[in-house]
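Participant: please work out how this folds:
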Amino acid sequence: MIHPFISTRAAEPHHTIWFETSPRHLAGRGDPRRITETLRAAGWKNHSDQNYPQVVLASPDYRHTVVLEPEPEPYKAWWRIRSDDEQRRWSTEFGAHTPVEILAALTDALLAPVPETTPEIWPPLTAAGWTYERDARGNESATHPDGIMSLRRRSIEPGEHFYWTAEARHDYGATRALIWHAYLDDRMPTHLIAAFTTALASPEPVQRALYDVPHAHLVTQMQRGPQGKELADTHEARLKGAHAAARKARRSATPGTRSAPAPATDPPRTAARSR
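Facilitator: Numbering: from 1, shown residues only. Predicted coordinates:
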């Protein structure tokens with residue numbers, strides 16, 4: 001049976017001229033398969049509703065879930081990650097224009113063994129030229145040299161629970177227009193927060209199509225760097241590595257250990273529901 005060719009963006013990596021884009025925190029969302037296919041290769045299960053435009057992935061032990069749920073408004077949260085570990089429950093969310101390479105650092109850390117030493121969060125930022133401040137109440141913040149990107153750890157009232165926010169905002173007339181945002185729960189394991197912030201501070205550019213960014217005037221794009229086949233080969237190697245690491249972890253697990261039962265999933269949100 002011959003199937004008709006239907007053009008989709010899935011074929012773009014091989015048929016697009018890619019441009020080295022910097023700074024990475026203003027490069028736009030990128031290809032979500034950098035995250036979703038890596039998690040699938042590591043054994044995460046797809047619990048998506050085929051009739052709803054979302055991706056719902058759960059780890060083999062059901063302790064973690066990653067949801068990609070596009071919103072009509074691109075500045076709202078598109079990505080949500082949640083941990084249902086009985087010892088430490090937490091959740092986090094990221095806006096549509098969060099560069100996938102930065103968010104992938106966090107999801108890759110979910111797949112890797114927990115490091116023996118707790119990584120520091122602020123030094124990679126200050127080493128990259130970010131300005132760090134801490135007030136008398138323990139609130140901390142760091143701002144990129146461009147003044148657009150910032151990271152904050154703060155509480156509303158002294159003694160209350162801290163939370164993290166990352167925001168990219170630029171001057172638009174008399175306002176500070178939002179490009180993308182992230183909310184990170186302070187109950188998250190420190191190494192996960194550090195993975196995200198270290199990737200945020202990285203000066204390495206990312207590959208994007210020309211002008212395929214939320215605000216082209218804020219970035220520099222040069223026609224150089226890896227192109228279609230090289231990008232595809234790198235991604236394929238990443239998937240094989242994730243699959244091999246997951247197999248090794250399963251083999252080293254205690255025999256007889258069973259995965260937790262699948263949690264009850266929330267019904268998909270619809271336009272009729274309040275937000």
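
Participant: can you list the low-confidence ranges for the stretch 151-275 of the chain?
Facilitator: Low-confidence segments of the stretch 151-275 of the chain (pLDDT under 70): 159, 254-275.

Participant: 80 instead, please
Facilitator: Across the stretch 151-275 of the chain, the ranges flagged by pLDDT under 80 are 156-160, 172-174, 253-275.

Participant: can you give me the helices in it?
Facilitator: In the stretch 151-275 of the chain, the segments counted as helices under DSSP state H, counting those that start in this stretch are 190-201, 228-252.

Participant: what's next to the longest one, contact-wise?
Facilitator: Okay, so that is helix 228-252. Contacts to helix 228-252, defined as CB atoms under 8 Å, 6 or more residues apart in numbering, come from residues 13-16, 18, 33-34, 37-39, 41-43, 60, 111-113, 207, 226. Glycine gets a C-beta too; all of them are placed from N, C-alpha and C.

Participant: just checking, what packs against the helix or strand harbouring Thr126?
Facilitator: Assessed by DSSP states H and E, Thr126 sits inside helix 122-127. In this structure, helix 122-127 packs against strand 131-134, strand 140-143, helix 190-201, with contacts taken as 3 or more CB pairs under 8 Å, 6 or more residues apart in numbering; DSSP states H and E.

Participant: from the chain's centre, how far out does the first one sit?
Facilitator: Meaning strand 131-134. How far strand 131-134 lies from its chain's middle: 24 Å, per CA atoms, centre = their mean, to the nearest Å.

Participant: list the helices and strands that strand packs on?
Facilitator: Right, strand 131-134 is packed against helix 122-127, strand 140-143 by 3+ CB pairs under 8 Å, 6+ apart.
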